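A.B. asks: Just need the structure, nothing else, for what follows:
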Amino acid sequence: MLRKRPLKVIKRAVDCTQYVRYSALFINGAKATETFTYIKPHIDYPQQIKDRDLIQQNLIKRNSNIDLNKIEHLWSVYEELKQRKFNYDKKKSELGKELGKIINTEPESDIATKYKMQINLIKDNIRKLKEPLWSAEEAAIVEVLKLPNTLHPLTPNIENKVLYTYQTPPQSKKDHLKIGHKLNLLNFKRNDHYYLRGDAAIFELGAKFHFSNILRRNKFVQFSNPDFVKSVIVEGCGQDHTNPDVTFILHHIDDSNVNVDSRLHLTGGASLSSFLAYHAKNVLPSKVFPLKYFTMGRQYIPAPSDEDSLLHVSQSSVIQFFGATKTNSELDVLLHEVIEILKSIYCELNYHYRLSILPANKLHMWESLRVVVEMFSTSLNSYVEVANISVSGDFISKRLLLTYMENKESQFPHIISGTILNVSKFFGCVLEQDVGFSVPEQFRVENWSV
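C.D. replies: Got it, this is the predicted structure:
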C-alpha cells in the first residue's frame with residue numbers, strides 16, 4: 001500500500017496585515033539592510049517597451065488587467081529621478097576636480113570656498129533624493145516584473161488547438177472514486193489525504209518506472225530536487241509567493257512577525273521551482289547545452305476545488321522534466337522532441353487522449369506556450385490535463401539570473417519544462433475507461449527497473 005501523507009504542517013492563512021507588500025525578487029534601498037538580497041533580476045523593460053504594441057496585444061490576448069500606461073508612467077518617474085541623481089553626481093565630480101586643482105595652493109580662497117559650498121549643497125540634494133528614488137525604482141520595477149511572457153507564435157488566441165487525437169472518448173458514465181472504492185483500490189479521505197491500495201499502488205510505481213525508463217533512453221538525465229523553495233524562487237518563476245492558493249506556505253504558527261517575502265514553500269521535488277532553486281544565479285558552461293533533466297517525486301499544489309476527486313488533489317506523484325537551450329530555434333527542436341516522446345508513450349498505453357495547445361488566456365504569466373495531454377473524464381464530462389509541456393524562453397532565466405558564457409559575454413538560456421505524467425489524474429481517467437481496470441502490461445512488477 002502506498003500512503004499519501006496529509007499536509008498537517010501547512011498553514012494556508014497568514015496574518016500579514018501589519019506588513020507592506022513589496023517583492024521577494026527585487027529588493028533595494030533601505031530594505032537591503034533588513035533583507036538579504038539573493039538575486040537582482042535582469043530588467044530589460046527599456047528594450048521591451050520599444051515594441052509597445054506587441055506587449056499590449058499580449059495583454060489583451062491573455063485577458064490581463066495590467067495597465068501598461070501606469071507602468072510607463074512609473075518608469076518615466078523613476079528614469080527622471082535617476083537622471084537627476086546622475087546629473088548631481090556628475091556635477092559633484094566636476095566641482096571636486098576643480099577644487100582639487102586649487103586646494104593645495106589656495107585652500108582659503110573665495111573660489112575654493114564657493115566650490116565647497118556648491119559640493120555640500122549637491123550632497124544635500126543627493127541625500128534628499130535617495131529615498132524618493134528608491135521608492136520610484138521599487139514601484140516601477142515591481143510592476144514591470146508583473147508583465148507576462150511574450151506569447152509564442154504557435155499559441156492560439158481563443159480556443160484550444162487540437163494537434164492530435166488518439167482513439168475515441170469513453171462512452172460509459174463512470175465515477176473513478178466509486179470504482180476505486182468498489183475495487184478496493186482507493187481510500188480517499190479528502191483532496192490532501194488519500195491512499196492507493198493493491199493494484200493501484202502497483203499502477204503508480206509502474207507508471208513512474210516506465211516513463212522514467214523512456215526518458216532515460218532519450219538521453220534525459222535523472223535529477224534530485226528539494227521539496228522546499230524560498231519565496232524568491234517562487235516569484236522568480238512567475239508565481240505569487242504571497243497567495244496560499246498558489247503554493248503551500250510554511251511559517252512558525254506562533255510567529256506573528258513573519259516576513260511575507262522570506263518564507264519556505266512546499267512545492268515538492270517534482271516541480272519547476274525546485275529545478276530553478278538549483279539553477280538560480282548559476283553560470284553554466286556553453287558546452288553543457290542542451291540540458292535535458294527529469295525527476296520523479298511529489299508535486300504539491302493547493303487543490304483548486306473542495307470537491308473530492310483524484311483529478312484535483314493537492315499532492316500527486318509526477319514525472320517532471322526540465323530543459324534548457326542556448327537559442328529559441330534549439331528550444332523549438334527540443335519542444336518537438338518532447339511532443340513526439342509524449343505521443344509515443346500515451347499511444348502505446350492505448351487509452352484515448354488528445355494533444356492540444358492552450359490559448360493565451362489559459363496560460364500562466366511565465367508561459368509563452370503550453371502543449372497539454374488531455375484525457376476525457378466521464379465524471380466531469382470534460383477533458384483533464386494529465387501532462388503538459390511549458391515553453392518559457394528566457395523569461396525565467398532573466399528573473400533568476402541563470403546564464404551561460406558565449407564569446408566572453410553572459411547570455412540567458414531558453415527554458416522548457418513540464419509534467420510528463422501526473423499519476424493521480426491519469427489513474428482517475430483510466431478508472432473511467434469503458435473497459436474494466438487492469439494494470440497495463442508496461443506497469444507490471446516484472447517490468448520494473450530503476
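
A.B. asks: can you pull out the strands in the stretch 351-450 of the chain?
C.D. replies: With DSSP state E, counting those that start in this stretch applied, the stretch 351-450 of the chain shows strands at 353-357, 369-377, 382-393, 403-406, 409-411, 414-422, listed in chain order.

A.B. asks: and the shortest one, what other elements does it pack with?
C.D. replies: Applying 3 or more C-beta pairs under 8 Å, 6 or more residues apart in numbering; DSSP states H and E, one finds that strand 409-411 makes contact with strand 403-406. C-beta coordinates here come from the backbone N, C-alpha and C atoms, glycine included.

A.B. asks: Given the strand it packs on, what are its sheet partners and their directions?
C.D. replies: Taking DSSP bridges as the criterion, strand 403-406 forms sheet pairs with strand 283-284 (parallel), strand 409-411 (antiparallel).

A.B. asks: Mind checking the strands of the stretch 351-450 of the chain for the one nearest to Lys50?
C.D. replies: Closest approach to Lys50 among those (C-beta to C-beta): strand 382-393, 17.6 Å.

A.B. asks: now the angle between strand 353-357 and that closest one, please.
C.D. replies: 40 degrees (axes from the mean of the first three to the mean of the last three C-alpha atoms, to 10 degrees).

A.B. asks: returning to what we had before: any chance of the strands of the stretch 351-450 of the chain in a markdown table, with distance to Ser316 and mean pLDDT too?
C.D. replies: Conversion of these to a markdown table gives the following (distance: least, C-beta to C-beta, whole Å; pLDDT from 0 to 100):
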| stretch | distance to Ser316 | mean pLDDT |
| --- | --- | --- |
| strand 353-357 | 18 | 97 |
| strand 369-377 | 15 | 97 |
| strand 382-393 | 10 | 97 |
| strand 403-406 | 32 | 92 |
| strand 409-411 | 35 | 92 |
| strand 414-422 | 5 | 97 |
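
A.B. asks: Lys178 is nearest to which of those?
C.D. replies: Shortest separation from Lys178 across the strands of the stretch 351-450 of the chain is recorded for strand 369-377, at 13.3 Å, computed as C-beta to C-beta.

A.B. asks: Can you name every helix or strand that the closest one contacts?
C.D. replies: Taking 3+ C-beta pairs under 8 Å, 6+ apart as contact, the helices and strands that strand 369-377 lies on are helix 328-349, strand 353-357, strand 382-393, helix 423-431.

A.B. asks: Let's see that with 6 Å instead.
C.D. replies: Packing partners of strand 369-377 (3 or more C-beta pairs under 6 Å, 6 or more residues apart in numbering; DSSP states H and E): strand 353-357, strand 382-393.

A.B. asks: for the strands of the stretch 351-450 of the chain, which one sits closest to Val229?
C.D. replies: Of all the strands of the stretch 351-450 of the chain, the one in closest proximity to Val229, counting by C-beta to C-beta, is strand 414-422 (14.3 Å).

A.B. asks: what does that closest one rub up against?
C.D. replies: Surrounding strand 414-422, the residues in contact under the criterion C-beta atoms under 6 Å, 6 or more residues apart in numbering are 211, 272, 316, 318-325, 328, 331, 334-335, 386-394, 396-397.

A.B. asks: Could you check the angle it makes with helix 423-431?
C.D. replies: An angle of 50 degrees separates the directions of strand 414-422 and helix 423-431 when computed by the same axes, to 10 degrees.

A.B. asks: Direction included, what does strand 414-422 pair up with?
C.D. replies: With DSSP bridges as the test, strand 414-422 pairs up with strand 315-325 (antiparallel), strand 382-393 (antiparallel).

A.B. asks: just the angle between the first one and helix 328-349, please?
C.D. replies: Strand 315-325 and helix 328-349 meet at an angle of 140 degrees, taking the same axes, to 10 degrees as the criterion.

A.B. asks: send the alpha carbons of strand 315-325 over as CSV?
C.D. replies: As requested, the backbone C-alpha atoms of strand 315-325 are provided in CSV (Å, rounded to 0.1, in the frame of the first residue of the first chain):
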residue,chain,number,x,y,z
GLN,A,315,-0.4,16.2,-3.8
SER,A,316,0.5,13.9,-6.6
SER,A,317,3.2,11.6,-7.8
VAL,A,318,4.6,13.0,-11.1
ILE,A,319,7.3,12.8,-13.6
GLN,A,320,8.7,16.4,-14.2
PHE,A,321,11.2,17.4,-16.8
PHE,A,322,13.3,20.5,-17.3
GLY,A,323,15.3,21.5,-20.4
ALA,A,324,17.3,24.5,-21.5
THR,A,325,18.9,25.5,-24.8
